[in-house]
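Undergrad: How does the following fold in three dimensions:
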Amino acid sequence: MTWIMVGLLALAVYFDVRERRIPNWLVLTGVLTALGWHLYQGGFSGLVFSLKGLGLGLLLLMLPFAMGGMGAGDVKLLGMVGAFKGVVFVFNAFLWMALIGGLIALAVLIREQRLGEFLVRIGRGMILALTGGRAKLLLTSASIEPFSVSFPYAAAIAMGAVAALFRGWC
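TA: Numbering: from 1, shown residues only. Here you go, the predicted structure:
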């Protein structure tokens with residue numbers, strides 16, 4: 001089953017890089033395969049194992065999705081990973097994914113020569129947060145335009161899952 005998951009992740013990366021979307025049919029195929037396999041192997045408890053992993057995978061990326069930092073396909077893809085491997089694995093994959101995704105984002109910012117702008121925005125945000133917004137007058141030059149650097153996050157999810165296969169986090 002692990003190789004099926006890895007194959008589906010590779011396809012997801014392909015589609016995300018090429019089309020900037022992860023097809024629903026791909027994720028649904030993975031989820032149904034995982035649920036069916038765990039039901040067949042472990043009965044009701046196997047199904048529950050898979051559903052818990054699916055739920056946690058979806059939950060872990062719900063906030064970044066709600067804030068506009070991630071697409072729905074990415075959320076569903078991590079849910080698929082959880083359906084295949086369960087709660088502990090999907091949490092480990094999530095931690096690896098966050099680390100790898102951060103490194104990819106840093107590389108993209110450097111490549112697009114936007115690291116300085118990003119750091120200034122982070123600094124301004126921290127000042128506003130620490131002062132309760134009272135420093136707004138000092139930061140009048142703060143841009144209110146959305147920061148628009150993105151990359152296909154399926155790559156980070158896939159690499160995080162593969163890393164978790166070889167080395168768990170917790």
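Undergrad: Show me which residues of stretch 7-25 are buried.
TA: Along stretch 7-25, the positions that meet the burial threshold by neighbour count (16 or more other C-beta atoms under 10 Å) are Leu8, Leu9, Leu11, Ala12, Val13, Phe15, Asp16, Ile22. The way it works is simple: take the backbone N, C-alpha and C, and place the C-beta from them, glycine included.
Undergrad: before we move on, what about stretch 122-132?
TA: Arg124, Ile127, Leu128.
Undergrad: Going by length in residues, pull out the top helix of the protein.
TA: Among the elements of the chain assigned as helix by DSSP state H, the one spanning the most residues is helix 24-60.
Undergrad: Check which residues of it are buried.
TA: Within helix 24-60, the residues that count as buried by 16+ other C-beta under 10 Å are 26-27, 30-31, 33-35, 37-39, 46-47, 49-54, 56-58, 60.
Undergrad: Whichever helix or strand comes after it: how far from the chain's middle?
TA: In the C-terminal direction, the helix or strand that comes right after helix 24-60 (DSSP states H and E) is helix 62-66. Relative to the centre of its chain, helix 62-66 is centred 10 Å away, using C-alpha atoms, centre = their mean, to the nearest Å.
Undergrad: Just list what helix 62-66 packs against, helices and strands only.
TA: Here helix 62-66 touches helix 72-85, going by 3 or more C-beta pairs under 8 Å, 6 or more residues apart in numbering; DSSP states H and E.
Undergrad: Could you tell me which of the buried residues of stretch 122-132 belong to helices?
TA: Secondary structure of the buried residues of stretch 122-132 is defined by DSSP H; positions in helices are Arg124, Ile127, Leu128.
Undergrad: For the longest helix of the chain, the averaged confidence score.
TA: Per-residue pLDDT values across helix 24-60 average out to 98.
Undergrad: now it and helix 72-85, what's the angle there?
TA: Following axes from the mean of the first three to the mean of the last three C-alpha atoms, to 10 degrees, one obtains 80 degrees for the angle between helix 24-60 and helix 72-85.
Undergrad: Helix or strand next in line after the lowest-mean-pLDDT helix or strand in the chain, which one?
TA: The least trusted helix or strand in the chain, going by mean pLDDT, DSSP states H and E, turns out to be helix 115-130, with a mean of 79. If you walk from helix 115-130 toward the C-terminus, the next helix or strand you reach (DSSP H and E) is helix 154-166.
Undergrad: Now do that following helix: distance to the chain's middle.
TA: On C-alpha atoms, centre = their mean, the centre of helix 154-166 falls 10 Å from that of its chain.
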